[in-house]
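>>> pasted the sequence and its predicted model underneath.
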Amino acid sequence: MKRFAVARLPLSLLFATALAAVTSAAQPAPAATPPAVDAAVRADPALAASADDAADVEWHDVTTWGAEGRAWVDQPRQLWFDRLPAAAEQTVTKNVWNLSRDTAGMMVRFKTDATSIHVHYLLTKDRLAKPHMPATGVSGLDLYARDEQGQWRWVQAARPAKQEVKTALVKGLAPGFREYAAYLPLYNGVKSLAIGVPKGARFEGLAPRTAKPIVFYGTSITHGACASRPGMVHTAILGRRFDRPVLNLGFSGNGKMDAAVGAFLTQIDAAVYVIDCLPNMQPADVTAKTVPLVQQLRAARPDTPIVLVEDRRETNAWIRPETSQFHAKNHAALKAEYERLKQAGVKHLYYIPGDALYGTDSEGATDGDHASDLGFWRQANVMEPIIREALAETAK
């Protein structure tokens, strides 16, 4: 009798095949024409929830009342939401100019009694996230509101899945006419932005406050890397704590105490200048550029406090001797220039050490260098008393 060869399959594969067959038989046949579902709706269920009532939403263009963190309002811009005026393209480096198109630090305020708030905005770039930073931080819009005690508290953040975001940001809000603040994307630009509320709801756009801003000039960390959402950057945290406008001039990889950027800083009647550029600088650059930048600011603004910030130690520097030594040299270079300025009689000058800006337990960064939300919170805690002292001086 002739024998036929039979392939012997593993029991696990036989079981999986049988289970798939049973499962397939138990499933209903698919619809002939499945409904189309937009990718953004799949990523953000709020879009699907808002599709039915979109016709009942009244939209308000934020450019009609303005955004905080947007200076030089009397100068032409290429896009309304650019951080620097159009003239800067001819004077700052190409990298600084390109990075200035991001809306880091901008914040829109409004009041409403709506029980749902919608947003519709168009981003300039299709890269919505970074490997170490989520789309909510890179390209999201982050909503806060004042509670009954007047304190800012988080409400909701947009989760963008494409360049055009049109969604019910939050629903089911408690009744009441209250103030809201929406922080704009950190590492993306905005072409247009509207806030929507149900028709019949009370709505009032709030013009930017006229108080002098705290002006931050710095690196990717000031720019916002790597906050999970725009409201968690230390500049935004401090803005809420001081209840004061903030101007974020962080330029990722390009915060280098440049005189061309300094020229724009001098045009701002700031409450305080915070110079936080060391993460992008070598000790020799710190020695060469610190005094000229301070002198440039002081010549235009004799009494405005200036805060110099050391770079924060990378969170794995404890086990990397060369990195630790580099930080020590960078810190020493800035401290030496600070002492030179003080000895030369420069007044209203403040200093923030960097060793504990991320904490001392190595848990304050995403990649050793850029802050996590925890790192941003800790930075705000270290900076707050120094900036508060500087603000008190300006109030005298």
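Everything's here; your move. Numbers count the residues shown, from 1 in each chain.
>>> CA only for contacts and neighbour counts going forward, please
Will do.
>>> test my guess that residue 88 contacts residue 97.
Yes - Residue 88 lies in contact with residue 97 (Cα atoms under 8 Å); the separation is 6.9 Å.
>>> the protein: helices as residue ranges?
11-26, 39-43, 45-51, 94-99, 135-138, 220-223, 234-242, 259-265, 283-300, 321-343, 373-395 (DSSP state H).
>>> which residues of this protein score low on pLDDT?
Residue ranges of the chain with pLDDT under 70: 1-54.
>>> if we can go back for a sec, for the helices of the chain, which one sits closest to residue 106?
Residue 106 lies closest to helix 234-242 among the helices of the chain, at 9.2 Å (Cα to Cα).
>>> so can I have JSON lines of the helices of the chain showing mean neighbour count?
Shown next, in JSON lines, are these (neighbours: other Cα atoms under 10 Å):
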{"stretch": "helix 11-26", "mean neighbour count": "11"}
{"stretch": "helix 39-43", "mean neighbour count": "15"}
{"stretch": "helix 45-51", "mean neighbour count": "17"}
{"stretch": "helix 94-99", "mean neighbour count": "18"}
{"stretch": "helix 135-138", "mean neighbour count": "27"}
{"stretch": "helix 220-223", "mean neighbour count": "26"}
{"stretch": "helix 234-242", "mean neighbour count": "21"}
{"stretch": "helix 259-265", "mean neighbour count": "17"}
{"stretch": "helix 283-300", "mean neighbour count": "17"}
{"stretch": "helix 321-343", "mean neighbour count": "17"}
{"stretch": "helix 373-395", "mean neighbour count": "18"}
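>>> so what strands line up beside the lengthiest strand in the chain?
Assignment by DSSP state E gives strand 190-198 as the longest strand of the chain. Here strand 190-198 is paired, per DSSP bridges, with strand 57-61 (antiparallel), strand 117-123 (antiparallel).
>>> buried deepest among those strands, which one?
Ranked by mean neighbour count, the strands paired with strand 190-198 are led by strand 117-123 with a mean of 20 (mean count of other Cα atoms under 10 Å).
>>> got the contact list for that one?
57, 139, 163-171, 188-198 (Cα atoms under 8 Å, 6 or more residues apart in numbering).
>>> now these: which count as buried?
57, 139, 163-170, 188-190, 192-198 (16 or more other Cα atoms under 10 Å).
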